[in-house]
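Participant: Test case, fold it:
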Amino acid sequence: MDSPRSEQTQWFSTELAPHESALRAYLHSLVNPSEVDDLVQETYVRVLRAHERGPIAHPRGLLFATARNAARDLFRRRTTANTIPITEFVASRVFDGAPNAAETASRQQETDLLATAIAELPPRCREILVLPIPLIIQFPSSQ
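Facilitator: Numbers count the residues shown, from 1 in each chain. Prediction:
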């Protein structure tokens, strides 16, 4: 007694495999050559699943109709799934321009050092240096 697997293999060999070259030529007219192998496999899977559910009256017709539908599904997925491969990400899309904690702390320390240095200047020098700056700099008290 034949197992279901061997029966399916025999059916594939007699009903589908002879049409593979015509199927590939048909798919070449529909999609990019790089996608033909994947579509052939997808077509075979779909037809074999249909065969598991019951007998198929016209396997060749189903094979080509299934291939056409698989190609349509491919185009549909391509238009709805607007994906960008990770290798094509532009740095500005993932770059956060805000300063991180280390930069913020460094700037604060530099500002404190500058304010201390200005506070230690003689009064007239400090006044000349600070007057044209519109920012208000708070100096640490010298006492």
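Participant: how close does residue 46 get to residue 30?
Facilitator: Distance check for residue 46 against residue 30: by Cβ to Cβ, to the nearest Å, it reads 16 Å. For every residue, glycine as well, the C-beta is placed using N, CA and C.
Participant: And residue 128, by the same measure?
Facilitator: Here the criterion is Cβ to Cβ. By it, residue 128 lies 79 Å from residue 30.
Participant: of those two, who's got more company?
Facilitator: Remark: of residue 128 and residue 30, residue 30 carries more neighbours, 16 against 11, as counted by other Cβ atoms under 10 Å.
Participant: in terms of contact, does that one touch residue 69 like I think?
Facilitator: No: assessed by Cβ atoms under 8 Å, residue 30 is found out of contact with residue 69, at 11.0 Å.
Participant: hey, what's in contact with both of these two?
Facilitator: Counting by Cβ atoms under 8 Å, 6 or more residues apart in numbering, residue 30 and residue 69 have no shared contacts at all.
Participant: can you give me the helices in this protein?
Facilitator: 4-11, 20-28, 36-53, 59-80, 91-94, 101-119, 123-130 (DSSP state H).
Participant: which of those helices has the lowest average pLDDT?
Facilitator: Comparing mean pLDDT over these, the weakest stretch is helix 91-94, at a mean of 54.
Participant: which residues touch residue 20?
Facilitator: Counted by Cβ under 8 Å, 6+ apart, residue 20 has contacts residue 40.
Participant: how much space between it and residue 29?
Facilitator: Applying Cβ to Cβ to residue 20 and residue 29 gives a distance of 15 Å.
Participant: Please apply the same query to residue 71.
Facilitator: 10 Å.
Participant: Over to residue 109?
Facilitator: 68 Å.
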